[in-house]
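Visitor: With the input below, show me the fold.
(one chain, ligands or ions: 1)
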Amino acid sequence: MSVDHVSIREVGPRDGLQSEDPIPTADKIRLIDALSATCLSRIEAVSFVHPKAIPQMADADEVWASVRRDPEVRYSALAPNVRGVRRAVDAGFEEIEVVVSASDTHNRKNINRSTDESLEDVAELVELAHGNGASIEVIVATSFGCPYEGDIAPSRVAWVVDRAIADGADRVAFGDTTGMGTPRRVRELLDAVKPNYPDVPMLLHFHNTRGTALANVLTALDYGVTEFDASVGGLGGCPYAPGASGNLATEELVHMLHDMGIATGVDLDALIEVARMAEGFVGRELPSGVLRAGPRTKLTPIT
Ligand code: MG
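Guide: Residues are numbered from 1 along each chain as shown. Below you'll find the model as predicted:
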């Protein structure tokens, strides 16, 4: 299947910063504004979670109130429950993500409920969102493996998708929460879920924890997947492996896709500058190879 355009959702400001030490509100606003200016089509801006659970997102309302909202960009927010979805629609978000883990153990560790119990909420979240002109995406965490349970059967992920779509979810996403995805696992999962719902948008969220993120993207492109999450600079570590890489770096994804003739709309040079800015904000070297080396078209002067 030949893909000529990919829609990238930049998740650095939310998923990325959530796993970094907290940074000032003003820096978050600068980061989102700079990302908007790179012509990314989608940005996950904030999450409306309890500040005790995720102190890094305690200023979500303030950040969202102050960013420059580019009419060309689709902004989204993550919400963990009814209260969060209410806050997101009140803030004016039209795209809201909720997370359900395919692994019971992971779901219980996160929110002390089984996967089945979390799925029971989806219909209510969808109703609240739809009643306020917003859509709901169900992100299936641990789709490619769980740090507690190990491999997750694709049939289990398919069951979560069936439930979510039956209850009105507008889109689904598959999160490789701990970087256990490989091309083989991507194929097995997409074989299990994609043919059943040809009209439901499906997005993939890969981590480069074990170096397989771009290989996973290539595999998914063969299945006609056109939506991927990525995080500028590779912001956000792996929550289960201190010091390890987490999110796929957006500029690495853009760099590869453009060279393949696949359009993203993103200004790669501008994006690399934002990655450099993000590195300054978090005060550590980010894991992106394209940030370190520059794009492959950058020539070395002959001396
Ligand atoms: Mg992530």
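Visitor: So is the helix or strand containing Ala230 next to the ion?
Guide: Element membership of Ala230, judged by DSSP states H and E, is strand 227-230. No. Applying Cβ under 5 Å from the ion, one finds strand 227-230 separated from the ion by no less than 6.9 Å. All C-beta spots, glycine's among them, are computed from the backbone N, C-alpha and C.
Visitor: how about Val85, what does it touch?
Guide: Phe48, Ala79, Ile96, Val98, Leu125, Leu128, Ala129, Ala134, Ile136 (Cβ atoms under 8 Å, 6 or more residues apart in numbering).
Visitor: Now it. Nearest residue, chain neighbours left out?
Guide: The shortest distance from Val85 to any residue other than its chain neighbours is 4.5 Å, reached at Ala79 (Cβ to Cβ, 6 or more residues apart in numbering).
Visitor: before we move on, the earlier item: may I have the strands that pair with the strand holding Ala230, each with its orientation?
Guide: strand 7-10 (parallel), strand 202-205 (parallel) (DSSP bridges).
Visitor: Please report the distance of the most centrally placed residue in the chain from Asp59.
Guide: The centroid of the chain falls nearest to Asp229 when counting by Cα atoms, centre = their mean (4.1 Å). Asp229 is 22 Å from Asp59, where distance means Cβ to Cβ, to the nearest Å.
Visitor: what's the answer for Arg276, then?
Guide: Distance from Arg276 to Asp59, by Cβ to Cβ: 23 Å.
Visitor: Who has more neighbours out of these two?
Guide: Taking other Cβ atoms under 10 Å, Arg276 and Asp59 do not tie; Asp59 has more neighbours (19 against 14).
Visitor: Lys52 is in what secondary structure piece?
Guide: Per DSSP H and E, there is no helix or strand for Lys52.
Visitor: For it, give me the pLDDT.
Guide: Lys52 is assigned 91 on the pLDDT scale.
Visitor: what's the neighbour count on it?
Guide: 7.
Visitor: again with Arg9
Guide: 25.
Visitor: Then the one 4 residues further on?
Guide: The burial metric for Pro13, expressed as a neighbour count using other Cβ under 10 Å, is 26.
Visitor: now do Glu10
Guide: So Glu10, with other Cβ under 10 Å, has 30 neighbours.
Visitor: now Ser143
Guide: 30.
Visitor: What of Glu62?
Guide: Neighbours of Glu62 (other Cβ under 10 Å): 14.
Visitor: all strands of this protein, in order?
Guide: Using DSSP state E, the strands found in the chain span residues 7-10, 42-47, 74-78, 95-101, 135-141, 171-175, 202-205, 227-230.
Visitor: low-scoring pLDDT stretches of the stretch 1-150 of the chain, where are they?
Guide: Scanning the stretch 1-150 of the chain for pLDDT under 70 picks out 1.
Visitor: Fine by me, we can end here.
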